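Enquirer: any chance you could fold what I've pasted below:
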Amino acid sequence: MKLLKGSTDSQRLAGLLLVTKFCDKDDQPTILNVYHAVGSTFLHRLLLTGMGKGGGGGANIDNADRRAYLQLSVTVLAAFARVPEIAATHQMLSKIPLVLEVLPNQSDLSLTEQCFEFLFLVTTAQEDGVITFYRSGGMNVLASQMPALPDGSHVMELAMKLVQLIITKLPAEQVYVEHPSELSKMVSAIAKQFARLHNALKFGALHLLSTLLSSNYSGVLCSVLQSLSDDWSANIRVGIIDVLQNRVGPAEKLHALILAECSISIVGEEWLVGPTNFPDGHSSFPADRCILLVLESSRVEIAVHLNELAYLKYEASKNSASNSEAFLGKLRNLGVAFSLVEMIIKLIAKFGENEESNSAPIINESTLIKMIGGLNETIGVVLDYLQDAKARDHGDRKGDDLLASVRVVGSYLAEAPSACKEKVEELLDYMLSIEGGDESSPFHSISFLLPMLCQITMKKDGCKLFASTGAFGAVVGLLVSLIDSSDSSIDNSSTILLACDTILNFLLKREQVCFTPENSCSVKLLQALLRWTDGTRDLSIIMMASSICSLILGSTSEEALLRHPEFNTDDLITLSRLMKRSLIARGQDLMSDDAKSEADLLEIVSSGYDSWADQFPHIKQAVGR
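Expert: Sure thing, here's the model as predicted:
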């Protein structure tokens, strides 16, 4: 202590050297006394001298001595920072920029670790610590240092904790917008830890990666990662397999599924069946291990969360605020599992496309059989949840949980329309009536089921189900809504055409199932199709609309239409023009590139016109002219 309080720098240096040799680093009272004895001014000068910034005689110090001063200064600062009372001082906070400046020029791992320890301790001890670290270039330093830090080392753990502090304490929109490139380098470094480690730090890496990639502001970061050529995504796959195939807690499995969903969103569904190798290059798992684990884990999550949601929704107190919060949390977790199931369904669809084109299959036949079995079981669980909801409270039809369930069911039935046939037939009318929490109509539910409805209406049995469940009216209502929406010409064009195909399939077989559409429904459909074609020169749209109109006109008459209170002479004139436009194509070469489908539609219009023309004198007169 006498040396530390000496009048010369040499005495203080000697005192500090003795402190580093003999003081216990955990003896905080002694370290605090040392700090007060040596003073912050001397520590600051010592650090500057070690950095080569000292004034006076500092320029005459050789490199070896300067490195010794820097080592001593950083060692002492790290020791002082372990005392919360010292770490919280302004003097320590002011040294963050200097220590960050030291790091990029160091190859000494011991010195690097002490720098990171100082930065972490001071950053966490002060309210402005994270802001100071960030504004002093901390992101750039982390991005440059982390890829070179030893796997599983204490210094890597400290670096990861600093990343965690930044993304949790600072505004995400600022961090993600200002530093997407730096964050991508951190993700790569953390992903390597996630793949290689088998200790607590592995789970720290898992939680950090899932937080980084699932942020609402991670769009630019994901774009940068998409363009990277390194093996960050393969490392994440190895880590996820490790987590999902071992006995870990529910929270860790959920984070692994969140991370899987983020990875697939960035690089595509094929990530699920990519190569899975240990860092030493030897194959560690079969190529299908990841996708089967993700599917099975998602199935379990779906079963558990649907059961818990049912309890919270129907059994627990509905007036409890905590119950509402728990419900939303479980709904978010369910959404992750549902999303993964939908991604796997898309991958199966790609498998079918490859099979048709005779290209190399994405997944082999045995894996596909296992996946379909798992999906059937999962969709069965979801349908059971919808069945229970239908049976309760006179058929609960509103809720985001129900809408999400319809979506995942619709995604699967679009690829396998005959799956779970009995349950689907029993629940179709109910599913078509489900509304989301913020919806006033079942718009989305019908949209989700539309691909399946289009497929089943290609057969007589499917048309019977379509007719008996009220699906015709539901699809017509959806089509009218889509046509009348302001952005229908862009965002909804494919859905409009799919709805038209579905209605067309059904109307072509309506006589086989003895179905006659209600006048009000027919009038709404006719009027919507007239609005859709108003002003368009797209022959495919004109032919699609006129073919549906022709089939509708075959089951009514001009007199009956004009008796309807919502159908007037102006509508009839517009309808006459539409039919004339489509029939002009007969005998003329007006077809587009998609000639076959348009020729089929023209045949529907022509044959229909020949059968009902006498019942519509205004249309016959217009066409005749």
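Enquirer: do you know how far N519 is from S433?
Expert: The gap separating N519 from S433 is 23 Å, by CB to CB, to the nearest Å. Where C-beta positions appear, they are placed from N, C-alpha and C, glycine not excepted.
Enquirer: ok, K5 to D27 distance?
Expert: For K5, the distance to D27 - CB to CB - is 19 Å.
Enquirer: do the same with N492
Expert: Separation of N492 from D27 (CB to CB): 71 Å.
Enquirer: other residues contacting the helix or strand where T30 lies?
Expert: Using DSSP states H and E, T30 sits in helix 28-38. Under the criterion CB atoms under 8 Å, 6 or more residues apart in numbering, residues 1, 4-5, 12, 15-16, 19, 23-25, 79-80, 82-83, 85-86 lie in contact with helix 28-38.
Enquirer: of those residues - the most surrounded one?
Expert: Highest neighbour count within the contacts of helix 28-38: F80, with 26 neighbours (other CB atoms under 10 Å).
Enquirer: I'd say that residue and A88 touch.
Expert: No - using CB atoms under 8 Å, F80 is not in contact with A88; the gap is 11.2 Å.
Enquirer: rewinding a little: show me the contacts of helix 28-38 that map onto helices.
Expert: Among the contacts of helix 28-38, the ones falling in helices (DSSP state H) are 12, 15-16, 19, 79-80, 85-86.
Enquirer: can I get those in a markdown table including pLDDT and distance to E353?
Expert: Putting the ones in helices among the contacts of helix 28-38 into a markdown table (pLDDT from 0 to 100; distance: CB to CB, whole Å) gives the following:
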| residue | pLDDT | distance to E353 |
| --- | --- | --- |
| R12 | 81 | 75 |
| G15 | 85 | 76 |
| L16 | 83 | 70 |
| V19 | 80 | 71 |
| A79 | 89 | 63 |
| F80 | 88 | 64 |
| E85 | 93 | 66 |
| I86 | 92 | 64 |
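Enquirer: would a markdown table of the residues you listed with distance to E566 be doable?
Expert: Converted to a markdown table, the ones in helices among the contacts of helix 28-38 look like this (distance: CB to CB, whole Å):
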| residue | distance to E566 |
| --- | --- |
| R12 | 96 |
| G15 | 97 |
| L16 | 93 |
| V19 | 93 |
| A79 | 85 |
| F80 | 83 |
| E85 | 80 |
| I86 | 81 |
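Enquirer: what is the nearest of those to A389?
Expert: Comparing the ones in helices among the contacts of helix 28-38 against A389 with CB to CB places E85 closest, at 58.1 Å.
Enquirer: neighbours of the spatially closest residue to the closest one that is not a sequence neighbour, just the number please.
Expert: Nearest residue to E85, sequence neighbours excluded (CB to CB, 6 or more residues apart in numbering): L32, at 6.4 Å. Using other CB under 10 Å, L32 is surrounded by 14 other residues.
Enquirer: between the contacts of helix 28-38, which is nearest C290?
Expert: Nearest to C290, judged by CB to CB, of the contacts of helix 28-38 is R82 at 42.2 Å.
Enquirer: for the closest one, what are its contacts?
Expert: Listed by CB under 8 Å, 6+ apart, the contact set of R82 reads 25-26, 28, 31, 117, 121.
Enquirer: and it, what pLDDT?
Expert: In this model, R82 is scored at 91, pLDDT.
Enquirer: against V76, how distant is it?
Expert: Between R82 and V76 the computed distance is 11 Å (CB to CB).
Enquirer: the longest helix seen in the chain: what's the following helix or strand?
Expert: Longest helix in the chain by number of residues, with DSSP H as the criterion: helix 321-356. Per DSSP H and E, the first helix or strand lying C-terminal to helix 321-356 is helix 365-391.
Enquirer: just for the stretch 351-500 of the chain, where's the confidence low?
Expert: Applying pLDDT under 70 to the stretch 351-500 of the chain flags residues 354-361, 393-395, 486-491.
Enquirer: run the last query once more with 80
Expert: 352-363, 393-396, 486-491 (pLDDT under 80).
Enquirer: also the stretch 151-300 of the chain?
Expert: Residues of the stretch 151-300 of the chain that meet the cut-off, pLDDT under 80, sit at 229-230, 274-285.
Enquirer: contact partners of stretch 44-53?
Expert: With contact meaning CB under 8 Å, 6+ apart, stretch 44-53 is reached by 9, 13, 16, 54, 58, 61, 66-74, 76-77, 91, 95, 98, 101-102.
Enquirer: what's the spacing between whichever helix or strand S445 is part of and its chain's center?
Expert: According to DSSP H and E, S445 maps onto helix 443-456. How far helix 443-456 lies from its chain's middle: 22 Å, per CA atoms, centre = their mean, to the nearest Å.
Enquirer: with stretch 498-514 instead?
Expert: That offset, for stretch 498-514, works out to 36 Å (CA atoms, centre = their mean).
Enquirer: next one: stretch 370-389
Expert: Here stretch 370-389 shows a centroid-to-chain-centroid distance of 22 Å under the convention CA atoms, centre = their mean.
Enquirer: so what touches that stretch?
Expert: With CB under 8 Å, 6+ apart, stretch 370-389 has contacts from 288, 291-292, 295-296, 298-299, 302-303, 306, 309-310, 341, 344-345, 348, 363, 395-396, 399, 402, 405-406, 408-409, 412-413, 416, 419-420, 423-424, 426-427, 430-431.
Enquirer: for stretch 120-132, same thing?
Expert: Taking CB under 8 Å, 6+ apart as the rule, stretch 120-132 contacts 78, 81-82, 84, 87-88, 92-93, 95-97, 133, 158, 161-162, 165-166, 169-170.
Enquirer: next: stretch 525-543.
Expert: Contacts for stretch 525-543 (CB under 8 Å, 6+ apart): 476, 479-480, 483-484, 488, 496, 503, 517, 545-546, 548-549, 552, 561, 566-567, 571, 574-575, 578, 581-582, 585, 590-592, 594, 597-598, 601-602, 605.
Enquirer: narrow these to those in helices?
Expert: In this view, these that belong to helices under DSSP H are 476, 479-480, 483-484, 496, 503, 545-546, 548-549, 552, 561, 571, 574-575, 578, 581-582, 597-598, 601-602, 605.
Enquirer: write the PyMOL selection for whichever of those residues are buried.
Expert: The following PyMOL line selects those of the ones in helices among the contacts of stretch 525-543 that are buried, judged by 16 or more other CB atoms under 10 Å:
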select buried, resi 476+479+480+483+496+503+545+546+548+549+552+561+571+574+575+578+581+582+598+601+602+605
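Enquirer: neighbour-wise, which of N519 and S433 wins?
Expert: Taking other CB under 10 Å, N519 and S433 do not tie; S433 has more neighbours (20 against 16).
Enquirer: and for the helix or strand containing L427, what's in contact with it?
Expert: Using DSSP H and E, L427 maps to helix 421-431. Residues outside helix 421-431 that contact it (CB under 8 Å, 6+ apart) are 380, 383-384, 386-387, 390, 395, 397, 406, 409, 413, 445, 449, 465, 469-471.
Enquirer: please redo it, this time with the cut-off set to 7 Å
Expert: 380, 383, 386-387, 390, 395, 406, 409, 413, 445, 449, 465, 469-471 (CB atoms under 7 Å, 6 or more residues apart in numbering).
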